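1. for reference, the sequence and a predicted model appear below.
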Amino acid sequence: MLDIKFIRAHPDIVKAGAKKKRIACDIDKILVVDKEWRELQVEVDGLRQEQKSASKLIGAAAAADRPRLAEEQKQKKELLKVREVAAELKQKELHELLLRVPNVPAEAVPEGRDDSENVEVKRFGTPKKFDFEPRDHIALGEAQNWIDVIAGARIAGSRNYFLKGDMSLYEGAVMRYALDLMVKKGFVPLSVPTLVRSEIMVGTGYFPGGEEQAYRTDSRDDMCLVGTAEVPVTALHQDEILNLADLPKKYVALSSCYRREAGTYGKDTRGLYRVHQFQKVEQVIVDVADAERSIEHHHAIVANAEEVLQSLELPYRVVNVCGGDLGQPQIQKFDIETWMPSRQNYGETHSASRFHEFQARRLNMRYRDASGEVRVCHTLNNTVAASVRMLIALIENHQRRDGTVYIPAPLRPYMGGRDSMGRALA
RNA sequence: GGAGAGAUGGCUGAGUGGCCGAUAGCGCCGGCUUGCUAAGCCGGUGUACUCCUCACGGGGUACCGAGGGUUCGAAUCCCUCUCUCUCCGCCA
């Protein structure tokens, strides 16, 4: 959420930002509602003041006079009540409008309509040329009895799956490797709730707007399954005023992630590229409101993810996501796309977002700066490793002619020291 | 799931209808004092919104878990909800 004061002072910047993101947003209406609300609030405050001072006089008055004075005061309550209700409704209207104002994208965000206009900023490694016809992860997984999408669909519907045998272990290996790497870098590991209140989804910027993408329980509980550990981790310090000395907060969390993938029928239907549930290790940083530092953090969390991919010998590229492909909350986003032979293309495996104070303001997450002033924090996050997409990249890129799969060195300790898995196929 | 107790400022903890945005202690900040790793004394110390002011600063309103209600007036009384604790039951 943007600061209403910022919108008042710089409506043109906010409008230009929304335009760059291709998000419709009526800023002029917000300014009108804001003005109306403030006028009502001033009136209500004045009426309350009168009412309070009158009440004090009644308290001080002789007992005999009180009933008469109270009766007089009762008459005056009506106007106050009417104006209070009006001010409250107006404030609510303003708040709901503000929740939908997109964050202003950074200068460095390229212009563009959709992901086809994202700008590649880095490429690492070279897609391997196979001297045999490589299998895609499904063919390989089914042949090795590692993946069962038929059973997944039977048990849980389409876009669900079972990982079996070594693939189940391999998923754990990748996750644990990613987690351990981040802990070595000083990130504090967290185990988090994945079923959260709706207000947390609002606080992190997923609602309003993203309701269709989240699984929700029925009205008995009205809870939401998170699509990423970013949600509970970022919200950990909701409503707190943090100590400057404790910042930055760096967290890493492994969690299950749940996504409805509404509106994706017919897209990525084969295989495990787009699924409803997966495992992910996520990195989150909460720090002071300093744009330069946030940019440094942004580059650092991208570098952390690159380190994972490089050490696992996977070719990838980094793209600077264009305005039209940015979500409402981000000020800038870098996606990392890893080479996937079955797609003959790079596929998104990581997403590094910088939010400025957008999330922290919604979550009311603040800190006291060196001068004692209370300020809203900045937040960032990035994937470290997301399970099925990483597994796709790993087994497709590292497959051999005979159907066995090479295990990169960092994962071997987590796989009983083996450098290969799978049996030779005919 | 049943019964009971509770939720107050950074922390501890008073406060059962007006003198309470809130006693006190701790912590923190500033100053004074004493030559001795520390103590004492004095003062200050919440957040948000808003109005006035170029500004320094000042005024107003709201907030005692959340939301409603009663009342001229609510931290205090009533209702609902959330959370915490204790006991019982059930259970991974």
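-> That came through, no problem.

2. residue A:355 reaches residue A:382, doesn't it?
-> No. Using C-beta atoms under 8 Å, residue A:355 makes no contact with residue A:382, being 11.7 Å away. C-betas here are computed from N, CA, C, even on glycine.

3. I'd say residue A:165 and residue A:141 touch.
-> No. Under the contact definition of C-beta under 8 Å, residue A:165 does not touch residue A:141, with a separation of 10.2 Å.

4. neighbour count for those two, which is higher?
-> For residue A:165 versus residue A:141, neighbours defined as other C-beta atoms under 10 Å are more numerous around residue A:141 (25 against 13).

5. what residues does that one make contact with?
-> Residue A:141 is in contact with A:147, A:167, A:395, counting by C-beta atoms under 8 Å, 6 or more residues apart in numbering.

6. and the first one, how many neighbours?
-> With neighbours defined by other C-beta under 10 Å, the count for residue A:147 comes to 27.

7. same check on the last one?
-> Summarising burial for residue A:395: neighbours were counted as other C-beta under 10 Å, giving 25.

8. pull up the residues of the stretch 51-200 of chain A that are close to RNA strand B.
-> A:51-56, A:58-59, A:66, A:70-71, A:73-74, A:77 (C-beta under 7 Å from any atom of the strand).

9. so which of these sit within helices?
-> A:51-56, A:58-59, A:66, A:70-71, A:73-74, A:77 (DSSP state H).

10. for RNA strand B, what is the nearest residue in the stretch 101-250 of chain A?
-> residue A:241 (6.4 Å; C-beta to the nearest atom of the strand).

11. can you give me the helices in the stretch 51-200 of chain A?
-> For the stretch 51-200 of chain A, helices defined by DSSP state H, counting those that start in this stretch occupy the ranges A:66-99, A:137-143, A:149-156, A:166-184, A:198-203.

12. what's the longest one packed up against?
-> So the one you mean is helix A:66-99. Helices and strands touching helix A:66-99, by 3 or more C-beta pairs under 8 Å, 6 or more residues apart in numbering; DSSP states H and E, are helix A:4-9, helix A:27-60.

13. now those in JSON lines, with mean neighbour count and mean pLDDT?
-> Compiled in JSON lines, the helices and strands packed on helix A:66-99 are given as follows (neighbours: other C-beta atoms under 10 Å; pLDDT from 0 to 100):
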{"stretch": "helix A:4-9", "mean neighbour count": "14", "mean pLDDT": "92"}
{"stretch": "helix A:27-60", "mean neighbour count": "14", "mean pLDDT": "91"}
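
14. quick one: closest of the ones you listed to residue A:334.
-> Across these, residue A:334 has its closest neighbour in helix A:4-9 (24.6 Å, C-beta to C-beta).

15. in terms of secondary structure, what does that closest one contact?
-> helix A:27-60, helix A:66-99.

16. for that helix, the distance to its chain's centre please.
-> The chain centre lies 25 Å from the centre of helix A:4-9; the measure is C-alpha atoms, centre = their mean, to the nearest Å.

17. does RNA strand B sit close to that helix?
-> Yes. Helix A:4-9 lies within reach of RNA strand B by C-beta under 7 Å from any atom of the strand, at A:4-5.

18. restricting to C-alpha, output that helix in PDB.
-> Taking C-alpha atoms only, helix A:4-9 is exported to PDB below (Å, rounded to 0.1, in the frame of the first residue of the first chain):
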ATOM      1  CA  ILE A   4      -1.800   8.400   1.100                       C
ATOM      2  CA  LYS A   5       0.400  11.400   1.800                       C
ATOM      3  CA  PHE A   6       2.700  10.300  -1.000                       C
ATOM      4  CA  ILE A   7      -0.300  10.000  -3.400                       C
ATOM      5  CA  ARG A   8      -1.500  13.500  -2.400                       C
ATOM      6  CA  ALA A   9       1.900  15.000  -3.000                       C
END
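
19. following it, which helix or strand comes up?
-> Downstream of helix A:4-9, the next assigned helix or strand under DSSP states H and E is helix A:11-20.

20. what residues of that following helix count as buried?
-> A:14-15, A:17-18, A:20 (16 or more other C-beta atoms under 10 Å).

21. re earlier: any chance of a markdown table for the helices of the stretch 51-200 of chain A, columns distance to residue A:362?
-> Below are these laid out as a markdown table (distance: least, C-beta to C-beta, whole Å):
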| stretch | distance to residue A:362 |
| --- | --- |
| helix A:66-99 | 8 |
| helix A:137-143 | 38 |
| helix A:149-156 | 32 |
| helix A:166-184 | 25 |
| helix A:198-203 | 5 |
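
22. out of those helices, the one nearest residue A:228 is which?
-> Nearest of the helices of the stretch 51-200 of chain A (C-beta to C-beta): helix A:198-203, 11.0 Å.

23. what does that closest one contact?
-> By C-beta under 8 Å, 6+ apart, helix A:198-203 touches A:99, A:207-208, A:210, A:214, A:216, A:222-224, A:226, A:231-232, A:234-235, A:238, A:359, A:362-363.

24. which of those residues are buried, as a PyMOL select command?
-> Selection of buried members from the contacts of helix A:198-203 for PyMOL, criterion 16+ other C-beta under 10 Å:
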select buried, chain A and resi 207+210+214+223+224+226+231+232+234+235+238+359+362+363
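
25. among the contacts of helix A:198-203, name the ones in helices.
-> Going by DSSP H, the helices hold A:99, A:231-232, A:234, A:359, A:362-363 from those.

26. good, we can wrap up now.
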